[in-house]
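J.: sequence and predicted structure, then a few things I'm wondering about:
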Amino acid sequence: MTTALRLQSAGGDEKAASLAPIIRPVRIEDVQAAAAAAFAAHSALASRTGHPSEHPTPAFSSGLMNFKVKDPNATGFVAEHAGGLVGSVFLNRFPSTPVAAIGPLTVDPAAEGCGAGRMLLEAALAAAHQAGLDQVRLVQSPAHLRSLCLYIKLGFEAREPLVLMTSGASAASTDRSVRVAVAEDIPLCERLCARVLGFARLDEIRLAFAQKAALVALSEGHITGYATGIGLRGHAVGETTADITALIAAAPVVTGPGFFAPVRNAQLMHWLLERGYRAVWPATLMSSGAYQEPAGAYLPSIAY
């Protein structure tokens, strides 16, 4: 999608249309303006809810936007309104995976109500469909009710309540061994992921293995779980919750502010809380298109 989009009023009113946002592809020169809008949006949400901000500093917002704009597997759009850039969205593709992820989608609070959020999301979904991707997912902050309602209106369904967990001191697992993954483990991990989630996260698995960041959990000598990293950008998959707890316990570091845990996994939540992990802020995994209920245990990434 390379042309600018403008919302048309139901009656074709030219004045109303002229006041609507314009949606166009993101450019490198948009980084600072998009970052400023994102920082303002997350700061306002944190102020209203009392939760820590997902964008703690302007530098964090700038770094993230710069990374997303340059990412060859991300398609970005910005919204212009009243002479300024007021929001942005990115559709993230994973070439060997039939799922795309929305994020981040942000609109400056000063521009709320102008329709920018809906138009940005529609542009990202259109880009997904043009790429032949009918499974789209995102992680949403339920404290932001406007975005929750927007996603539902555009066909997303809530699939899993999540909570960001941080600052624990776990002990080693007693019934699983964990080691750094090697290249020979890749096919087994891909098959495990496909069995549990319904598809294999091939690119992420292979990248983590190449970086020697992946761990595998073994039971009676067989691989029963893996993690590409414990943190917002990593994910973990296991046959059972015991695999996930073993991977968390063995992780040399938790990257970023923490990791998402599925709240419905009561065994996992009890294990984390008993070991001093703290719940920082809630989120919801949402999906549009086909979805398989996980047939095992898992930790999602910030993307899906």
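T.: Thanks, I have the structure now.

J.: was I right about Arg24 contacting Phe77?
T.: Yes. Arg24 lies in contact with Phe77 (Cβ atoms under 8 Å); the separation is 6.7 Å. Quick note: C-beta positions are derived from backbone N, CA and C, even for glycine.

J.: of these two, give the one with the bigger neighbour count.
T.: Phe77 (26 against 19; other Cβ atoms under 10 Å).

J.: give the residues shared as contacts by Arg24 and Phe77.
T.: Residues touching both Arg24 and Phe77 by Cβ atoms under 8 Å, 6 or more residues apart in numbering: none at all.

J.: shaky segments in the stretch 151-300 of the chain?
T.: 170-174 (pLDDT under 70).

J.: what segments of it are helices?
T.: All helices of the stretch 151-300 of the chain, identified by DSSP state H, counting those that start in this stretch, fall at 186-197, 202-210, 241-250, 266-274.

J.: just so I know, which of these lies nearest Leu85?
T.: helix 202-210 (30.4 Å; Cβ to Cβ).

J.: got the CA positions of that closest one in CSV?
T.: C-alpha atoms of helix 202-210 as CSV (Å, rounded to 0.1, in the frame of the first residue of the first chain):
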residue,chain,number,x,y,z
LEU,A,202,10.7,-20.8,12.4
ASP,A,203,12.5,-17.5,12.0
GLU,A,204,12.5,-16.7,15.7
ILE,A,205,13.7,-20.2,16.6
ARG,A,206,16.5,-20.2,14.1
LEU,A,207,17.7,-16.7,15.0
ALA,A,208,17.8,-17.6,18.7
PHE,A,209,19.7,-20.7,17.9
ALA,A,210,22.2,-18.8,15.8
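
J.: other SSEs contacting it?
T.: When contacts are defined as 3 or more Cβ pairs under 8 Å, 6 or more residues apart in numbering; DSSP states H and E, helix 202-210 sits against helix 186-197.

J.: quick one, the helix it packs on and helix 202-210 angle?
T.: If you take axes from the mean of the first three to the mean of the last three Cα atoms, to 10 degrees, helix 186-197 sits at 140 degrees to helix 202-210.

J.: tabulate the helices of the stretch 151-300 of the chain (CSV), appending distance to Ala169 and mean neighbour count.
T.: CSV is the format used below for those (distance: least, Cβ to Cβ, whole Å; neighbours: other Cβ atoms under 10 Å):
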stretch, distance to Ala169, mean neighbour count
helix 186-197, 27, 18
helix 202-210, 24, 18
helix 241-250, 10, 25
helix 266-274, 11, 16
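
J.: let me know which of those helices is the nearest to Phe94.
T.: That would be helix 202-210 among the helices of the stretch 151-300 of the chain, by Cβ to Cβ, at 5.1 Å.

J.: show me which helix runs longest in this structure.
T.: Ordering each helix of the chain by length in residues (DSSP state H) puts helix 31-49 first.

J.: can you give the distance of that helix from its chain's centre?
T.: A distance of 17 Å separates the centroid of the chain from that of helix 31-49, by Cα atoms, centre = their mean, to the nearest Å.

J.: wait, Val263 touches Val163, no?
T.: Yes. The pair Val263 and Val163 qualifies as a contact (Cβ under 8 Å) at a distance of 5.6 Å.

J.: quick one, domains of this structure?
T.: 5-155, 165-299 (automatic domain parsing).

J.: can you pull the contacts of the closest residue to Ala123 other than its chain neighbours?
T.: In space, and not counting its chain neighbours, Ala123 is closest to Phe77: 4.5 Å by Cβ to Cβ, 6 or more residues apart in numbering. By Cβ under 8 Å, 6+ apart, the contact set of Phe77 is 1, 23-26, 88-90, 120, 123-124, 127.
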